[in-house]
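Trainee: Have a look; sequence and predicted model below, questions after that.
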Amino acid sequence: MGTNGFREDELVSRRVKVNGEMQTRIFPVVGGRLRLAHEENQSLNLQTEMVNWDGQFAIFKCCAVTNKGQFMGYGTANSQRDAKLAESLVELAETRAIARALRFAGYGMEFTSAEEVSHVAVAELEKEQTTGKKPTPVFPEGNGNGKVESKGSSEAINPGGNGSKCGPGRATTAQVRALFALTRKANYRDEDIQSLINPFNATRFEELPREAASQLIGYLQTEAAA
């Protein structure tokens, strides 16, 4: 039996960037969460719904009803971030939504799902091999309870804090502030944020393309309104 009730075959290890350094982390696949949820609930109910699909960017939400109550999770997929699965973006977004809903329901709550970082390992490995540059983390290291501190200390997540301005084609100051506020409100962890912005070759909110920032803001606003 693996970590937290997961079997060994339900866990995968990936090399990801954490606070500027490559580390090996463990991530459970969605099948492991489903197995645990079915074993603990006689009448598990999972309802998924497509929130957005424009051919390039998919958003799904999943409502998981367990013995503990009702839990909502959102999942996204887009053609740029998930290029290798461009033909299955709808399915990928739905799978990620299910994984997040079950995670919030308490099944491996401290673990980001493997499906949520499926693209990160390759992107980070390629970046490490070609540049050797250490990106600034989006969030400072967590406080040990799975959530970030309410007050950040990194200039990378303090929009306008260092007086720098966004370059041409990059996210506007207003977009950066919105991303900062929305991700903090949702208690996103460092790896959650990295999984959103790394595929856009960004290590900080300020480096996001303007269009990508707009898409992510829309997704986060939809999630917050649920």
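Mentor: Arrived safely, thanks for sending.
Trainee: C-alpha only now, for contacts and for neighbours.
Mentor: Will do.
Trainee: Mind checking which residue lies nearest the centre of this protein?
Mentor: In the chain, the centroid-proximal residue (CA atoms, centre = their mean) is residue 192; its distance is 3.4 Å.
Trainee: any idea which helix or strand carries it?
Mentor: Assigned by DSSP states H and E, residue 192 falls within helix 190-197.
Trainee: Is the residue nearest to the centre of the chain in contact with residue 112, as I believe?
Mentor: Yes. With contacts counted by CA atoms under 8 Å, residue 192 reaches residue 112, the gap being 7.3 Å.
Trainee: Quickly note the distance from the residue sitting furthest away from the middle of the chain to residue 34.
Mentor: Residue farthest from the centre of the chain, counting by CA atoms, centre = their mean, is residue 42 at 29.5 Å. Distance of residue 42 to residue 34, computed by CA to CA, to the nearest Å: 13 Å.
Trainee: Next: residue 108.
Mentor: Applying CA to CA, the value for residue 108 to residue 34 is 11 Å.
Trainee: Looking at those two, which is more packed in?
Mentor: residue 108 (22 against 17; other CA atoms under 10 Å).
Trainee: ok, that one touching residue 33?
Mentor: Yes. Between residue 108 and residue 33 there is a contact under CA under 8 Å: 7.0 Å.
Trainee: shaky segments in the chain?
Mentor: For the chain, the stretches with pLDDT under 70 are 1-3, 118-168, 199, 222-226.
Trainee: how's it carved up into domains?
Mentor: 1-134, 135-226 (automatic domain parsing).
Trainee: Tell me where the chain has helices.
Mentor: 30-40, 89-104, 120-130, 173-185, 190-197, 210-225 (DSSP state H).
Trainee: Single out the most deeply packed of those.
Mentor: A comparison of the helices of the chain by mean neighbour count, using mean count of other CA atoms under 10 Å, puts helix 89-104 on top with a mean of 25.
Trainee: Tell me what angle that helix forms with helix 30-40.
Mentor: 50 degrees (axes from the mean of the first three to the mean of the last three CA atoms, to 10 degrees).
Trainee: Could you list the residues in contact with helix 89-104?
Mentor: Contact with helix 89-104 is made by 30, 33-34, 37, 46, 48, 50, 53, 56-64, 71-79, 82, 85, 109-113, 115-116, as judged by CA atoms under 8 Å, 6 or more residues apart in numbering.
Trainee: Quick one: mark the members of the residues you listed that sit in strands.
Mentor: 46, 48, 50, 53, 57-64, 71-78 (DSSP state E).
Trainee: I'd like to know which of those are buried.
Mentor: Among the ones in strands among the contacts of helix 89-104, those buried by neighbour count (16 or more other CA atoms under 10 Å) are 46, 48, 53, 57-64, 71-78.
Trainee: mind checking how far the residue farthest from the centre of the chain is from residue 35?
Mentor: According to CA to CA, residue 42 and residue 35 sit 12 Å apart.
Trainee: Check residue 99 too.
Mentor: 12 Å.
Trainee: repeat for residue 12
Mentor: In terms of CA to CA, residue 12 sits 16 Å off from residue 35.
Trainee: Residue 55 too?
Mentor: Distance, residue 55 to residue 35, by CA to CA: 32 Å.
Trainee: same question, residue 73
Mentor: As for residue 73, its distance to residue 35 is 18 Å (criterion: CA to CA).
Trainee: I appreciate the help and will end here.
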